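> here is a sequence together with a model predicted from it:
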Amino acid sequence: MNNYEIMVLYLPELKGETLKKEQKKLKTQIESLGGSIVSESDLGLKNLAYEMNKQTQANFFVVVVELDPKKVEDLTLWLKREEKTVLRSLITKVNSKDTETEKKS
């Protein structure tokens with residue numbers, strides 16, 4: 001199992017409980033793929049550097065997970081199918097040392 005950082009940009013129209021529900025759906029999907037959540041951070045609504053799909057803002061959500069490398073593609077496909085709520089997503093492999101430092105701070 002490797003550690004991955006997943007950044008998801010949700011549509012700015014999502015607020016409060018609706019946004020929390022979508023974030024929970026992501027975490028449930030990760031767990032259903034056999035992954036475990038190391039840490040998570042809701043960075044809130046931020047302005048984008050450039051317009052994406054006619055949007056100038058997005059809700060940023062970052063999750064560090066431990067996941068089997070073979071399941072990353074499944075998660076990527078799932079995120080692409082969530083086009084009604086997810087503006088953009090990025091999955092990056094991180095070193096376990098970086099994750100341990102994050103846990104300590």
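Perfect, thanks for sending it. Numbering: from 1, shown residues only.
> give me the neighbour count for the closest residue to residue 29 other than its chain neighbours.
Nearest in space to residue 29, with sequence neighbours left out and distances taken as C-beta to C-beta, 6 or more residues apart in numbering, is residue 78 at 5.6 Å. No exception for glycine: its C-beta is placed from N, CA and C like everyone else's. Using other C-beta atoms under 10 Å, residue 78 has 17 neighbouring residues.
> ditto for residue 93
11.
> residue 39 now?
For residue 39, using other C-beta under 10 Å, the count is 12.
> which helices and strands does whichever helix in the chain runs longest pack with?
For the chain, the longest helix by residue count, based on DSSP state H, is helix 16-32. Contacts defined by 3 or more C-beta pairs under 8 Å, 6 or more residues apart in numbering; DSSP states H and E place helix 16-32 against strand 2-10, strand 36-52, strand 55-67, helix 72-81.
> other residues contacting that helix?
Applying C-beta atoms under 8 Å, 6 or more residues apart in numbering, the contact partners of helix 16-32 are 6, 8, 10, 14, 36-37, 40, 42, 59, 61, 63, 65, 67, 75, 78-79, 82, 85-86.
> dump the helices and strands packed on helix 16-32 into TSV; add mean pLDDT as well.
Compiled in TSV, these are given as follows (pLDDT from 0 to 100):
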stretch	mean pLDDT
strand 2-10	97
strand 36-52	96
strand 55-67	96
helix 72-81	96
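> can you put the ones you listed in a markdown table and add distance to residue 30?
Listed next are these as a markdown table, based on distance: least, C-beta to C-beta, whole Å:
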| stretch | distance to residue 30 |
| --- | --- |
| strand 2-10 | 8 |
| strand 36-52 | 6 |
| strand 55-67 | 5 |
| helix 72-81 | 7 |
